[in-house]
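Colleague: After the sequence you'll find the predicted model.
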Amino acid sequence: MPETADAFSIRPIETRDDAAMASIVRTVMPEFGAKGTGFAINDPEVDWMSRAYAEPRCAYFVVERGGEVQGGGGVAPLEGGDAGVCELRKMYFLPSLRGLGAGAALMARCLAAARRFGFEHCYLETLSGMDAAMRLYERTGFRRIDGSMGATGHGGCNTFYLLDL
C-alpha cells in the first residue's frame, strides 16, 4: 500500500533524534507561552532525551513523517511521587504533525508502555491554552485534578491531570 502524505510512524527514540527533539521542544513551548523558568524548555534533559529515557521504567517515542522527526512523547516515574505513578512527559508536535491522529497514536503507545512497566496511574502537567492537547487527554480518560503531584520542577504549569491505568 503506498504511503499517504499524512502517514507517520512511531518508534523508540535513538541518540540521533536528540537534537531534533530538543529543537521541537524549544520551538513548540514558546508557541503556548511557556517561556522562562519552570518549563521543559529550560530542562537540561531536553538535550539528551535518549539517555534520560533509557533509565528503568522509562520510554520515549518519536513520531516521524516524511523521513523526519516531527514530534515525540514519553513516560517516566513521577519524580517525588508514589512508585505506582508515572508521568506523561515532553509530548510535543510541530504544527505540520497536528490534526493527523499522531497525538492519539502516541498517547496509546506511551500508556501501553506505562502499563507494561506496572504503573497504576499516569499524571501529567500542562498549560491552560493548550486546548487541543487537553481535549486529547480528556478523550483518553484523564481527569483534571486540583493540584500538582510529585516534584517535577515545572512550576510554570497550571493544569493537572490523572489517569487510572
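Modeller: Received, thanks.

Colleague: From here on, just use CA atoms for contacts and neighbour counts.
Modeller: OK.

Colleague: Give me the below-cutoff pLDDT ranges for the protein.
Modeller: Filtered on pLDDT under 70, the chain yields the residue ranges 1-5, 30-43, 154-155.

Colleague: let's see 90
Modeller: Using pLDDT under 90 as the threshold, the predicted model of the chain has low-confidence ranges 1-6, 25-47, 98-99, 126-134, 150-158.

Colleague: Which parts of it are strands?
Modeller: 9-12, 59-65, 68-77, 85-93, 121-126, 143-145, 159-164 (DSSP state E).

Colleague: of those strands, which approaches E45 most closely?
Modeller: Evaluated over these, closeness to E45 peaks at strand 85-93, with 10.1 Å, by CA to CA.

Colleague: Could you name the helices and strands sitting against the closest one?
Modeller: Other helices and strands packing on strand 85-93, by 3 or more CA pairs under 8 Å, 6 or more residues apart in numbering; DSSP states H and E, are helix 18-31, strand 68-77, strand 121-126.

Colleague: what's the burial count for D131?
Modeller: Using other CA atoms under 10 Å, D131 has 11 other residues around it.

Colleague: and it, how far is that from S96?
Modeller: 17 Å (CA to CA, to the nearest Å).

Colleague: again, but for R26
Modeller: Taken as CA to CA, the span from R26 to S96 is 16 Å.

Colleague: So which of these two has more stuff around it?
Modeller: For R26 versus S96, neighbours defined as other CA under 10 Å are more numerous around R26 (18 against 11).

Colleague: so how far is Y92 from the more buried one?
Modeller: Counting by CA to CA - R26 and Y92 are separated by 10 Å.

Colleague: Next: G147.
Modeller: If you measure G147 against Y92 using CA to CA, the figure is 22 Å.

Colleague: neighbour count winner among these two?
Modeller: With neighbours defined as other CA under 10 Å, G147 and Y92 compare such that Y92 has more, 23 against 10.

Colleague: Just to check, the more buried one is in contact with S23?
Modeller: No: contact between Y92 and S23 fails when scored by CA atoms under 8 Å: they sit 10.5 Å apart.

Colleague: Can you say which of the strands of the chain is nearest to A105?
Modeller: Comparing the strands of the chain under CA to CA, the one sitting nearest is strand 9-12, at 8.2 Å.

Colleague: Partner strands of that closest one, with direction?
Modeller: Strand pairing for strand 9-12, using DSSP bridges, gives strand 59-65 (antiparallel).

Colleague: which residues touch the strand it pairs with?
Modeller: For strand 59-65, the surrounding residues in contact (CA atoms under 8 Å, 6 or more residues apart in numbering) are 6-13, 17, 49-50, 53, 69-76, 97, 102, 106, 110, 113.
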